[in-house]
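Got a sequence here, can you model it:
(chains A, B, C and D)
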Protein chains: 2
Amino acid sequence: MSANRSQVRRREEKEQRREEIVDAAEIVFQRQGYATAKMEDVARQARVSRALVYLYFRNKEELYFAICVRALHLIRERFVAAAAAAPSGLEKIHAIGRAYVRFAGDCPGYFHALTHLESHKPTEVAPDSIERAALDAGKAVHGVTIAALEQGMRDGSIRKDAGDPLMLALSLWAFSHGAIQLSISKKNLFADVGVDLADFTQAALRFGLRGLLPPTDLVPEPPSDARVRAPSPPRARTPRSRR
Amino acid sequence: MSANRSQVRRREEKEQRREEIVDAAEIVFQRQGYATAKMEDVARQARVSRALVYLYFRNKEELYFAICVRALHLIRERFVAAAAAAPSGLEKIHAIGRAYVRFAGDCPGYFHALTHLESHKPTEVAPDSIERAALDAGKAVHGVTIAALEQGMRDGSIRKDAGDPLMLALSLWAFSHGAIQLSISKKNLFADVGVDLADFTQAALRFGLRGLLPPTDLVPEPPSDARVRAPSPPRARTPRSRR
DNA sequence: TGAATTACTGACACGGCGTCAGTAGAGTGC
DNA sequence: GCACTCTACTGACGCCGTGTCAGTAATTCA
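Numbering: from 1, shown residues only, chains lettered A, B, ... in the order given. Below is the predicted model of the structure:
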């Protein structure tokens, strides 16, 4: 057995340990929330001493960034899949938006991690830090949206003067994230007033995307992908208690 | 001196102490950030023992909620003033949006506090808790927006089928907040790519508000309040290093 | 003036964080 | 097979911040 080969195996095992710790952190953060989760809890979940966790991650924050990286990779995958299934640029954007809403529903822990990331003060990040990796992963996600926007402007489904694709992508991201975030934090309010969370985010999303439509398409509803729904007289304000 | 009168004075003094502590907390949180600020720091800033702070607030979180209440009261004031200065409903909404952006610029500490509040998990809140007060203050803010939306639908500056005013107000809030939040967290990115923060938020805002316009107004730019600007070929992607 | 109430503090116990010297165990050279 | 080196890993320590409580000063009431 050559020295070289065992070195490689060593490195792989180390990477695997790292992943195991992140796995554990995911579970613990999901279970108890970031604020109340202790490093001890993560370590116990990973069946490892607390000191080892500190050997792989400087602190809880870094653990969180690692989770964000995972989240963003997953989002990118989903965005790519969603976009691939839609023909026009505009439809891709709609699909991406819906994919994000679905993501937030499927992986609330991941979504919350991203919220934490967004609300982080911008500091100079070291080039090989985990935070750097998270930012890069974020860029990759926006890349998918930008491509869809550019296609839409080419194929005419999106007005050409809507703005710079990068800025638009960021705006859309901010909008979607904000809407989903609000739908979570105002869950009680929505319940009181009898509005379904999914309905709200869908409506907010369609509302936000109206700015992309070319002038002629503005009056009718957005294209096929929007679920068929009755002309929808504003259904809020009809308190039907649900709980 | 009647016993009654001194009781009243006592109560007022106590309220004042409370305000002093919140003042101190504002300064400290602003200076060092919520995460790194210690109760000891707040107490020292307020020239008071740490134990006294705990007598008025259960923990740091509550201190934060108290700040949020202040922030929301201020926002409401500004929204009311902004709306009063604009004639049509749509223009009121634009003015409110710009007021929020200005607020975020003027009072970054307050804005950050609100972000924290938004990203808080919804729990059952006690009826007389500080968190309750914060939620109510939030409702009051949305009330201003809702009134403007309703006026706009009446005076024809906002399409009547845009949606339920409450839902719209929340969407707009979410959108604005998300956009501002992103402009903060992505400050570095914007600097790299040579985009002015204010330009981004303004553009994002106008973009987001397009969904309110009645069909006929859709092609031209939104009304007077938007600053005069050249036909604006997308100006991003022209990296002029600023730092 | 003394009793009672209220605002406030010092000091304590607890618990989590980050670190470091030290151990076990596998890999390497002879 | 034996000694060595290297590395993943741990136990235990000191530090710091939190939240609390008994106790003190100050003010009001009778």
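
by contact count, what packs against the helix or strand containing A:Leu168?
Per DSSP states H and E, A:Leu168 falls inside helix A:165-185. Using 3 or more Cβ pairs under 8 Å, 6 or more residues apart in numbering or on different chains; DSSP states H and E, the elements in contact with helix A:165-185 are helix A:89-106, helix A:108-118, helix A:130-155, helix A:197-209, helix B:108-118, helix B:165-185, helix B:197-209. C-beta coordinates here come from the backbone N, C-alpha and C atoms, glycine included.

and of the ones you listed, who's closest to DNA strand C?
Closest approach to DNA strand C among those is made by helix A:130-155 (14.4 Å; Cβ to the nearest atom of the strand).

so how many other residues sit close to the closest residue to A:Leu205 other than its chain neighbours?
The spatial neighbour of A:Leu205 that comes closest, neighbours along the chain excluded (Cβ to Cβ, 6 or more residues apart in numbering or on different chains), is A:Gly97 at 4.7 Å. Residues lying near A:Gly97 (other Cβ atoms under 10 Å in any protein chain shown) number 26.

ok, A:Ala169 to B:Ser88 distance?
To B:Ser88, A:Ala169 is 31 Å away according to Cβ to Cβ, to the nearest Å.

quick one: which of the two has more around it?
Neighbours were counted for A:Ala169 and for B:Ser88 using other Cβ under 10 Å; A:Ala169 has more, 23 against 17.

Using CSV, write out every CA atom in the helix holding A:Leu168.
Extracted in CSV, the C-alpha atoms of helix A:165-185 (Å, rounded to 0.1, in the frame of the first residue of the first chain):
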residue,chain,number,x,y,z
PRO,A,165,-30.4,41.2,-15.2
LEU,A,166,-28.1,41.1,-12.2
MET,A,167,-30.0,43.8,-10.5
LEU,A,168,-33.3,42.2,-11.4
ALA,A,169,-32.1,38.8,-10.2
LEU,A,170,-31.2,40.3,-6.9
SER,A,171,-34.4,42.2,-6.7
LEU,A,172,-36.4,39.1,-7.3
TRP,A,173,-34.4,37.2,-4.8
ALA,A,174,-34.9,39.9,-2.2
PHE,A,175,-38.6,40.0,-3.0
SER,A,176,-39.2,36.3,-2.8
HIS,A,177,-37.1,35.9,0.3
GLY,A,178,-38.8,38.9,2.0
ALA,A,179,-42.3,37.6,1.1
ILE,A,180,-41.6,34.0,2.4
GLN,A,181,-39.9,35.4,5.5
LEU,A,182,-42.9,37.5,6.2
SER,A,183,-45.3,34.7,5.6
ILE,A,184,-43.4,32.8,8.3
SER,A,185,-43.1,35.5,10.9
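
Past it, which element shows up next along the chain?
Counting by DSSP H and E, the next helix or strand C-terminal to helix A:165-185 is helix A:187-193.

mind listing what's buried in that next one?
Neighbour-count burial for helix A:187-193 flags A:189-191, A:193 (criterion: 16 or more other Cβ atoms under 10 Å in any protein chain shown).

on that earlier part again, so which of the helices and strands packed on helix A:165-185 is the most packed in?
Across the helices and strands packed on helix A:165-185, the average number of neighbours (mean count of other Cβ atoms under 10 Å in any protein chain shown) peaks for helix B:165-185, which reaches a mean of 25.

quick one: whichever residue of chain A sits closest to chain B and A:Lys186, what's the gap?
With Cβ to the nearest Cβ, the shortest gap between chain A and chain B falls at A:Gly178, namely 2.6 Å. In this view, A:Gly178 and A:Lys186 are 12 Å apart by Cβ to Cβ.

Please give me every residue in contact with A:Arg76.
A:137, A:140-141, A:144 (Cβ atoms under 8 Å, 6 or more residues apart in numbering or on different chains).

If you could redo that for A:Lys60, that was the one I meant.
Listed by Cβ under 8 Å, 6+ apart, the contact set of A:Lys60 reads A:34, A:37, A:39.
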